[in-house]
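Enquirer: Sharing a sequence plus its predicted fold:
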Amino acid sequence: MALEPPEAPRRPRLTPPMADARRAITDCLEAEDAARPGGIAPGSLFLIAVSGGADSLALAYAASFVFARAGHRVEAIIIDHQLQHDSAEVALTAQETLKTMGVDAHIVPVDIGPMDIRSGDSESGDVMSREVAGNAGNIESRARDARYEALSAVAASRGATAVLLGHTKDDQAETVLLGLTRGSGPQSIAGMQSVSGLWWRPFLGLSRAATEQVCVDAGLAWWSDPHNSEDRFVRPRIRHRVMPVLEQQLGPGVADALVRTAELVRQDGEVLDQMANDVYESLGDQASAGIVPVGLWQSQPAAVVSRVLRLVAKNAVGSHLSHTHTEALMRLVTHWRGQGPVDIPGGRVVRQGDELRFSPQ
């Protein structure tokens, strides 16, 4: 008796939001294929990071079509942060939803470390109110670090070409606004890149509302993370309180303006980064030994010098300099009065004659 071929997943009628989502992924794929010598190998594997929310489900839905048509493979990775009592159930539901698209999904639990359980139910009623002592923001940071580490590990083990993330235009606007308020320099204002090494973010030109509409049109039920509505986290406060006020007081288009600003800053930053790399390379063995001649300040603009200092700190000491540390190093030259060494994360910098010398601690 002949076996019936497996039934392909049924896809609903294509709507404009669904077409926009596919186009965004297609544009990203084609750009990367053209940028790589020899292009992307046929049959390459791409991973999709899925939370069960609308952004990532819409991404998986569109990507499963685009990559299959291009002759590639997709799989989904669901990171279970184990921050909520029903996180395992949420992950399984997302896995089942992905199955209806014909996408295999792997659930990866992560442990973000010990927590301080301070109280019972939160306002949402179904969230374990667990908080890292002293700073709720640490939860966001540690969860993000754990998520990216797990995704990187899976990508390496699976030989994936890229990991697709569901960040949208709204996420980008919130990131830029966060960077502005922190005063942490153009790197944070530049926001997220659509492609940065392993990470692809093809939806940075789409709004969150658009991804939700994709899910509605595709008949996909999505999960709303209760953390995204909790005021103890900075990003939800920006999303639900700050952005609506800005739109109300300044008019519509604030998110678009922030995203446009990020793009312009990023373009300028790429030029400055290239200039700094050229200077770093010209220093040769000096730079790799952690030595920066003071004369650099006379020949290069401050924006380039500060980048060179960060490169030297990273490569010679393994240190990532904050703006405060960079400014302190700059003062060793611009305000030199014979002051002592400057401590940086994992190291120390001292001025000796006409040189700054980096050393690990």
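Expert: Arrived safely, thanks for sending. Keep in mind that what you see is a predicted model, and the values were worked out from it rather than measured.
Enquirer: for stretch 223-240, which positions count as buried?
Expert: Using 16 or more other CB atoms under 10 Å as the test for burial, stretch 223-240 gives Trp223, Asp225, Pro226, His227, Glu230, Arg232, Phe233, Val234, Arg235, Pro236, Ile238, Arg239. To be clear about C-beta, it is placed using only N, CA and C from the backbone, and glycine gets the same treatment.
Enquirer: ok, those residues vs His320, which is closest?
Expert: Nearest to His320 out of those is Val234 (CB to CB; 20.8 Å).
Enquirer: what about the closest one, distance to Arg208?
Expert: Using CB to CB, to the nearest Å, Val234 is found at 17 Å from Arg208.
Enquirer: and if you look at Ile77?
Expert: For Ile77 relative to Arg208 (CB to CB), the value is 21 Å.
Enquirer: cool, Gly197 as well?
Expert: Using CB to CB, Gly197 is found at 25 Å from Arg208.
Enquirer: just Gly347 next, same as before
Expert: Distance, Gly347 to Arg208, by CB to CB: 41 Å.
Enquirer: before we move on, what about Ile344?
Expert: For Ile344 relative to Arg208 (CB to CB), the value is 38 Å.
Enquirer: In terms of neighbours, single out the busier of the two.
Expert: More crowded of Ile344 and Arg208, by other CB atoms under 10 Å: Ile344, with 23 against 20.
Enquirer: Who does that one form a beta bridge with?
Expert: With DSSP bridges applied, Ile344 shows beta-bridge pairing to Gly347.
Enquirer: Who are the contact partners of it?
Expert: Ile344 sits next to Ala313, Val317, Ser319, Leu321, His325, Leu329, Phe358 when contact means CB atoms under 8 Å, 6 or more residues apart in numbering.
Enquirer: Quick one: classify the nearest residue in space to Ala255 that is not next to it in sequence as helix, strand or coil.
Expert: Distances taken as CB to CB, 6 or more residues apart in numbering place Ala173 nearest to Ala255, at 3.9 Å, with adjacent residues excluded. Local secondary structure at Ala173 is given as helix here, using DSSP: H, G, I helix; E, B strand; the rest coil.
Enquirer: What is the burial count for Ala173?
Expert: So Ala173, with other CB under 10 Å, has 25 neighbours.
Enquirer: swap in Ala287?
Expert: The tally of other residues near Ala287 (other CB under 10 Å) stands at 20.
Enquirer: Tell me the helices and strands packed up against the strand or helix carrying it.
Expert: Using DSSP states H and E, Ala287 sits in helix 285-288. Judged by 3 or more CB pairs under 8 Å, 6 or more residues apart in numbering; DSSP states H and E, the packing partners of helix 285-288 are helix 302-312.
Enquirer: how about the helices in the chain?
Expert: For the chain, the helices defined by DSSP state H cover 16-35, 54-69, 87-100, 137-158, 169-182, 186-189, 208-218, 234-237, 243-250, 254-283, 285-288, 296-299, 302-312, 323-334.
Enquirer: Out of the contacts of Ile344, the closest to His106 would be?
Expert: Distance to His106 across the contacts of Ile344 (CB to CB) is lowest for Ser319, with 34.9 Å.
Enquirer: Tell me where the model's unsure across the stretch 101-250 of the chain.
Expert: 114-137, 184 (pLDDT under 70).
Enquirer: what sits against the residue nearest to Arg239 when sequence neighbours are not counted?
Expert: Leaving aside its chain neighbours, Arg239 sits nearest to Glu174 (6.0 Å; criterion: CB to CB, 6+ apart). Going by CB under 8 Å, 6+ apart, Glu174 touches Arg235, Ile238, Arg239, Met243.
Enquirer: Just send those residues back as a markdown table, with distance to Lys99 too.
Expert: Below are the contacts of Glu174 laid out as a markdown table (distance: CB to CB, whole Å):
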| residue | distance to Lys99 |
| --- | --- |
| Arg235 | 30 |
| Ile238 | 34 |
| Arg239 | 30 |
| Met243 | 35 |
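Enquirer: got the CA coordinates for stretch 336-352 in PDB?
Expert: C-alpha atoms of stretch 336-352 as PDB (Å, rounded to 0.1, in the frame of the first residue of the first chain):
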ATOM      1  CA  TRP A 336      48.600  66.100  32.400                       C
ATOM      2  CA  ARG A 337      49.800  67.300  35.800                       C
ATOM      3  CA  GLY A 338      51.800  64.200  36.800                       C
ATOM      4  CA  GLN A 339      48.800  62.400  38.100                       C
ATOM      5  CA  GLY A 340      48.900  58.700  39.000                       C
ATOM      6  CA  PRO A 341      47.700  55.700  37.100                       C
ATOM      7  CA  VAL A 342      44.100  55.100  36.000                       C
ATOM      8  CA  ASP A 343      42.400  51.900  36.900                       C
ATOM      9  CA  ILE A 344      40.300  50.300  34.200                       C
ATOM     10  CA  PRO A 345      38.300  47.000  34.300                       C
ATOM     11  CA  GLY A 346      40.900  44.300  34.500                       C
ATOM     12  CA  GLY A 347      43.900  46.600  34.200                       C
ATOM     13  CA  ARG A 348      45.700  49.900  34.700                       C
ATOM     14  CA  VAL A 349      47.000  52.700  32.600                       C
ATOM     15  CA  VAL A 350      49.900  54.800  33.500                       C
ATOM     16  CA  ARG A 351      51.600  57.700  31.600                       C
ATOM     17  CA  GLN A 352      55.400  57.200  31.300                       C
END
